[in-house]
Structures are given as C-alpha cells and as structure tokens.
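> Let's see this in three dimensions:
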Amino acid sequence: MKLVIGDIHGCRTALETMFEVVVPSNEDLIVTLGDYVDRGPDSKGVIDYLLEKKRTHKLVHLMGNHEIQMIRALESKQDCERFLSGMCGGRDTLESYGGGFEDVPEEHWEFIKKAELYHELDAFILVHAGVEAGLPVDEQDRETYYYQRFYSQQPHRSGKTVVCGHTIQGDLPTNLGYAICLDTCAYGGGWLSALDLDSGRIWQTNEKGGSREMMLGDLPVG
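Here you go, the predicted structure:
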C-alpha cells in the first residue's frame, strides 16, 4: 500500500479514525500532504500522533503552506500577524499548545521544519499544492509547492500523476486524470481523505469518528 493523506488541519480524531479504518502495516508507505496545523481543534495532537507513527511506520510528511506560515511567523511582525489572523487560524494552533509560540515543543518545531517539499514515485508526484507543469520537479519555485492552486495544475512534463491537497474540493476528491486533489476540508464538518495509490481505494473520515469508502474510479474524471 502507498497511502496518501490530505490536509489534516488539526483534526486528530479524523486522523486517528483514518488509521483505525485503513490499518496500514509498518511496511506500507504513508505520505501526508501537509497542513497539519491551524483551523482544527488539536494541531498539537495531530503532530504528537504523527510523531508516534513515524516511530512505527514508514511515514513521509510534506510541507504545507500553513507550516511555512508558522515558521515565518517567528521571522517578522507582518508574518506573525498573518499567522494569527482568522484567515490562517494560527491562534487555534497556539491554543492547542497552551497559548504561545514558546509552548511548542522543540520536537514539534523540528517536525515542522524538516518536512519534505515533495515526494516522487515511479508514477506519481506527491506535493502539498502543485507543481509547474513545464519544470522538473526539483527545479520549482518553492512557493509553488506550497501555494499553487489546483485549478492551475496542468499535466506535468514527466507524465506522472500529481497528487496534492491545498485547494478545497468539497465533499469528494477531484480526479483530473493527470492530477488528483485530496483536500476535502477536514475541519469545519468536512472530511479527511486518503488514497491508496496501488489500489485506487479512497477512505474518508471526520471529526465525529465517521468513515466511508469509495474507489478512485467512482469519481468523475475532469
């Protein structure tokens, strides 16, 4: 199994339910697409849980724009104000830690700062937001990995399928054939989505502990 999990946004219950439903083995590859923090109720709990899974599973975690904003919040007043704004949801993150940046454990900062920009497989490019179609994966502007919108994604020159999050799709993932978006708004009553690249099986879980399944082929293409 090669399991890709979309934007989590502080939704630990949905994340725990996902692992309970899917039950990946310690030999399966798990890739999380970023946005572990902000907006949801338990950003600290999400990172605690992923750190636990890193000790027992083959888990690769990618960088999301909300992690970049959290890092940059330490670098300038303007970035800090943006992170703490209602649009970003940084206050929710800090509250889950106890109220301030100083309450974030060093192990969590290390997790955030060491997130990978993308993960490339034989047939797939896994990235938080997207990639510029005409450039090699390792030659992208870094902001593209974090911020490109899914509606801008075109078939990549490599011929590989891009699997990303970042751009909310509603209740179901979107499959364009050459690109798949798994951001289905885990926070605020939505779903956390995960895709097994080997089988095309999709699982969705939510903060109420609910779950449902489907196949990638069940989704309309385009």
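
> For stretch 100-120, what is the distance to the chain centroid?
Centre-to-centre, stretch 100-120 and its host chain are 14 Å apart (C-alpha atoms, centre = their mean, to the nearest Å).

> Show residues contacting it.
31, 34, 36-37, 44, 47, 50-51, 60-64, 67, 70-71, 73-74, 94, 97, 125-127, 131, 137, 142, 145, 160 (C-beta atoms under 8 Å, 6 or more residues apart in numbering). C-beta here means a position set from N, CA and C on the backbone, and glycine is covered the same way.

> filter these to the buried ones?
Buried members of the contacts of stretch 100-120, counted by 16 or more other C-beta atoms under 10 Å: 31, 34, 36-37, 44, 47, 50-51, 60-64, 67, 70-71, 73, 94, 97, 125-127, 131, 137, 145, 160.

> Could you list which of the residues you listed belong to helices?
Among these, the members falling in helices (DSSP state H) are Lys44, Ile47, Leu50, Leu51, Glu67, Met70, Ile71, Leu94, Tyr97, Tyr145.

> for the worst-scoring helix or strand of the chain on mean pLDDT, packing partners?
Among the helices and strands of the chain, helix 77-84 carries the lowest confidence by mean pLDDT, DSSP states H and E, at a mean of 92. Packed against helix 77-84 by the contact rule (3 or more C-beta pairs under 8 Å, 6 or more residues apart in numbering; DSSP states H and E) you find helix 65-72, helix 90-97.

> tell me the mean pLDDT for the last one?
Spelled out, it's helix 90-97. On average, the pLDDT along helix 90-97 is 94.

> Give the buried residues for it.
Gly90, Asp92, Thr93, Leu94, Ser96, Tyr97.

> Okay, buried residues for the least confident helix or strand of the chain please.
So for helix 77-84, counting by 16+ other C-beta under 10 Å, buried means Asp79, Cys80, Phe83, Leu84.

> and the gap between Gln148 and Ser199?
27 Å (C-beta to C-beta, to the nearest Å).

> Look at these two and report which has more neighbours.
Gln148 (23 against 11; other C-beta atoms under 10 Å).

> which residue lies farthest from the center of the protein?
Lys77 (26.3 Å; C-alpha atoms, centre = their mean).

> The protein: strands as residue ranges?
Using DSSP state E, the strands found in the chain span residues 2-5, 29-32, 58-61, 118-120, 124-127, 161-164, 174-175, 179-181, 192-196, 201-205, 211-215.

> Need the contact partners of the fifth one.
The reference is to strand 124-127. 2, 4, 31, 33, 62, 117-120, 131, 137, 145, 156, 158, 160-164, 197.

> Quick one, which of these are buried?
Of the contacts of strand 124-127, these count as buried by 16+ other C-beta under 10 Å: 2, 4, 31, 33, 62, 117-119, 131, 137, 145, 156, 160-164, 197.

> which residues touch Thr144?
By C-beta under 8 Å, 6+ apart, the neighbours of Thr144 are Ala129, Gly130, Val131, Glu132.

> can you redo the residues you listed as TSV with distance to Leu15 and pLDDT?
Below are these laid out as TSV (distance: C-beta to C-beta, whole Å; pLDDT from 0 to 100):
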residue	distance to Leu15	pLDDT
Ala129	20	98
Gly130	23	98
Val131	25	98
Glu132	30	98
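
> From those residues, pick the one nearest Asn206.
Nearest to Asn206 among the contacts of Thr144 is Ala129, at 23.0 Å by C-beta to C-beta.
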